[in-house]
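1. Sequence unavailable; structure follows:
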């Protein structure tokens, strides 16, 4: 069995012998990737879809943590945490939620079984297998209805919104061992755990509560692996969906747009801003050039990305295809917050501006948010290697399929991580190229240069960072 385990928001520098002793030991006995990449924007639901499709957002269509769909709500974006809203959007569009084949569909076509569980939002869990090719279990509900009934019978009642993140983790772990393994008997299992994301948001990186959460997660991982190993030999890939940064300065983007005369009021619908996206309605589309020039002057902006079909209105702008692709669901304009390497009070580097009231966040194009974790061990994995070869979350699906003797669909944008596998090339022999691209973006006060850095392996390009 292939076991894909996600620790939401785990930075690679959080894996140490003191903080995560079991995971650290597993990484030492298997393969540890020093240069794995999340998809941008570096947010959860985007990367959940990238894990389940092996594609970037511009191809799979979950282009931000919230999506603006006027037919559902003309006044605000819908949260991708709400699976019902996501499916309603798909129904309005004529069918598919993600606009490429999924890992689950590929497995089903080859006679293999997939099962999923998750302690994050129902939308996050749903996106790990959005066409429901096998049972999917969340702390709040399960799909299909027959699975929900059986989980409740074996594991107890589903949890309510008042439950804690660790209670949700306990529930889905129980669902894995008491229902999914004995009943679904999957060939591939995806287990998405919402920590340490939850605690890091509220308390900050390496805060006492965050370190305590990491230790608790590590203990539960050890117990789970021991239980699985009693059933046979498995391949484990533990990853995260994004990194994390400390919020150094708080800003209010909507207020800045109103003060600049680019949005009629805080409640107006001419400009809808949510997450990294700025959607324009009606005559507001004529303001795109002014919007880009004004935002380019803002000290809290770290990147501006114009949808490719609107580039004529914004000479010198960076196309969205250069960061994640361009999709019909994409906002006319996306942005990233400014970042720096400044450490927090616990000495953890990586800071951003942001609109959240949390202690820490993610979503930027900084290396601290873009670099996620990827650790592999078990059947078919090389032993005792540390790889500096760039890779990413989009590579997990094609690599898992390869380990099962299945070719990846042409739509997948990831590559097979041969350098992590038994008999594969040593990582130090893999050719890596670096590329830098620059755009001189006209701003209201002059010109501001936008710089994107990439790593390239075997024709696959990974975004390392964007700065202005």
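-> That came through fine. Computed from a predicted structure; not experimentally measured.

2. From now on I want contacts and neighbour counts done on CA atoms only, so please keep to that.
-> OK.

3. Show me the helices in this protein, by range?
-> Counting by DSSP state H, the segments of the chain that form helices are 21-29, 44-53, 57-60, 83-93, 103-109, 122-127, 145-155, 165-175, 197-203, 208-229, 253-259, 288-296, 367-370, 396-403.

4. ok, and what's touching the last one?
-> What it means is helix 396-403. Here helix 396-403 makes contact (Cα atoms under 8 Å, 6 or more residues apart in numbering) with 2, 51-54, 103, 107, 380, 407-408, 412, 414-418.

5. looking at the helices of the chain, which is buried most?
-> Stretch with highest mean neighbour count among the helices of the chain: helix 44-53 (a mean of 29; mean count of other Cα atoms under 10 Å).

6. What angle do helix 396-403 and that one make with each other?
-> If you take axes from the mean of the first three to the mean of the last three Cα atoms, to 10 degrees, helix 44-53 sits at 20 degrees to helix 396-403.

7. Nearest spatial neighbour of residue 176, chain-adjacent residues omitted?
-> Of all residues not flanking residue 176 in the chain, residue 117 sits nearest, at 7.1 Å (Cα to Cα, 6 or more residues apart in numbering).

8. what do you get for residue 174?
-> Closest residue in space to residue 174, ignoring its immediate chain neighbours: residue 155 at 6.5 Å, by Cα to Cα, 6+ apart.

9. Now do the contacts for the one you found.
-> Under the criterion of Cα under 8 Å, 6+ apart, the neighbours of residue 155 are 171, 174, 175, 178, 179.

10. I'd like those as JSON lines, with pLDDT and distance to residue 230 appended.
-> Below are these laid out as JSON lines (pLDDT from 0 to 100; distance: Cα to Cα, whole Å):
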{"residue": "171", "pLDDT": "98", "distance to residue 230": "21"}
{"residue": "174", "pLDDT": "97", "distance to residue 230": "16"}
{"residue": "175", "pLDDT": "98", "distance to residue 230": "17"}
{"residue": "178", "pLDDT": "97", "distance to residue 230": "14"}
{"residue": "179", "pLDDT": "97", "distance to residue 230": "16"}
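
11. separation between residue 110 and residue 276?
-> Residue 110 sits 38 Å away from residue 276, taking Cα to Cα, to the nearest Å as the criterion.

12. swap in residue 260?
-> Applying Cα to Cα to residue 260 and residue 276 gives a distance of 19 Å.

13. Over to residue 162?
-> According to Cα to Cα, residue 162 stands 28 Å off from residue 276.

14. If you count surrounding residues, which of the two has more?
-> Taking neighbours as other Cα atoms under 10 Å, residue 162 and residue 276 compare with residue 276 leading, 23 against 6.

15. right, and the more buried one touches residue 43 too?
-> No. Checked against Cα atoms under 8 Å, the pair residue 276 and residue 43 is beyond contact range at 9.6 Å.

16. Quick check: neighbours shared by these two?
-> Each of 64, 363 lies in contact with both residue 276 and residue 43 under the rule Cα under 8 Å, 6+ apart.

17. Nearest spatial neighbour of residue 378, chain-adjacent residues omitted?
-> Distance criterion Cα to Cα, 6+ apart; nearest residue to residue 378, sequence neighbours excluded, is residue 235 at 4.6 Å.

18. For the closest residue in space to residue 331 that isn't next to it in sequence, give the beta-bridge partners.
-> Closest residue to residue 331 in three dimensions, ignoring its sequence neighbours and counting by Cα to Cα, 6+ apart: residue 279, at 4.8 Å. With DSSP bridges as the criterion, residue 279 is bridged to residue 272.

19. Number of residues surrounding residue 423?
-> By the measure other Cα under 10 Å, the count of residues near residue 423 is 11.

20. Could you check how far the closest residue to residue 445 other than its chain neighbours is from residue 341?
-> Once flanking residues are discounted, residue 445 sits nearest to residue 297: 6.8 Å by Cα to Cα, 6+ apart. Applying Cα to Cα, the value for residue 297 to residue 341 is 21 Å.
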